[in-house]
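Asks: fold the following.
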Amino acid sequence: MALTKTIISERIQNKLDLSRTTTYELMEDFLEIIKETIEGGEDIMISGFGKFCVNEKKARKGRNPATDKEMTLPARRVVTFKCSGKLRNLINS
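Replies: Numbers count the residues shown, from 1 in each chain. From the prediction side, this is the model:
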């Protein structure tokens, strides 16, 4: 089962006893801060949860599997996630 924004918003609403609109806006604002930070190339560390890292990938040679034609893949940025030790221990216990 996928954990959607609606489900997360409902769980926050139940825990904090806030209106549906308020919790959804709170969650949207939180996600917007994360997106803006990552877009700026900065890493995000959430204590006890993990770290979102922005990594630079260099241009490289690639191949189109349909045509077998070689091409150059452009440089790009990717986001990776490294979970914290606490979260890792929780998952593995």
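Asks: now the strands: where do they sit in this structure?
Replies: 44-46, 50-57, 60-64, 69-73, 76-83 (DSSP state E).
Asks: okay if I get those as TSV plus mean neighbour count, mean pLDDT and distance to residue 90?
Replies: In short, each C-beta sits where N, CA and C put it, glycine included. Compiled in TSV, those are given as follows (neighbours: other Cβ atoms under 10 Å; pLDDT from 0 to 100; distance: least, Cβ to Cβ, whole Å):
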stretch	mean neighbour count	mean pLDDT	distance to residue 90
strand 44-46	13	95	14
strand 50-57	14	96	11
strand 60-64	10	93	37
strand 69-73	10	94	37
strand 76-83	11	96	9
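Asks: mind putting those in TSV, distance to residue 18 included?
Replies: Shown next, in TSV, are these (distance: least, Cβ to Cβ, whole Å):
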stretch	distance to residue 18
strand 44-46	21
strand 50-57	26
strand 60-64	48
strand 69-73	45
strand 76-83	28
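Asks: export the longest helix along the chain as PDB, just CAs?
Replies: Across the chain, the helix with the greatest residue count (assigned by DSSP state H) is helix 20-39. What follows is helix 20-39 as a C-alpha-only set of coordinates in PDB (Å, rounded to 0.1, in the frame of the first residue of the first chain):
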ATOM      1  CA  ARG A  20      -8.400  18.900   7.300                       C
ATOM      2  CA  THR A  21      -7.500  22.100   5.400                       C
ATOM      3  CA  THR A  22      -5.000  23.200   8.000                       C
ATOM      4  CA  THR A  23      -3.200  19.800   8.100                       C
ATOM      5  CA  TYR A  24      -3.100  19.500   4.300                       C
ATOM      6  CA  GLU A  25      -1.700  23.100   4.000                       C
ATOM      7  CA  LEU A  26       0.900  22.300   6.700                       C
ATOM      8  CA  MET A  27       2.000  19.200   4.800                       C
ATOM      9  CA  GLU A  28       2.100  21.000   1.500                       C
ATOM     10  CA  ASP A  29       4.200  23.800   3.000                       C
ATOM     11  CA  PHE A  30       6.600  21.200   4.500                       C
ATOM     12  CA  LEU A  31       7.000  19.400   1.200                       C
ATOM     13  CA  GLU A  32       7.500  22.700  -0.700                       C
ATOM     14  CA  ILE A  33      10.400  23.600   1.700                       C
ATOM     15  CA  ILE A  34      12.000  20.200   0.900                       C
ATOM     16  CA  LYS A  35      11.500  20.700  -2.800                       C
ATOM     17  CA  GLU A  36      13.000  24.200  -2.800                       C
ATOM     18  CA  THR A  37      16.000  23.100  -0.800                       C
ATOM     19  CA  ILE A  38      16.700  20.200  -3.000                       C
ATOM     20  CA  GLU A  39      16.300  22.300  -6.100                       C
END
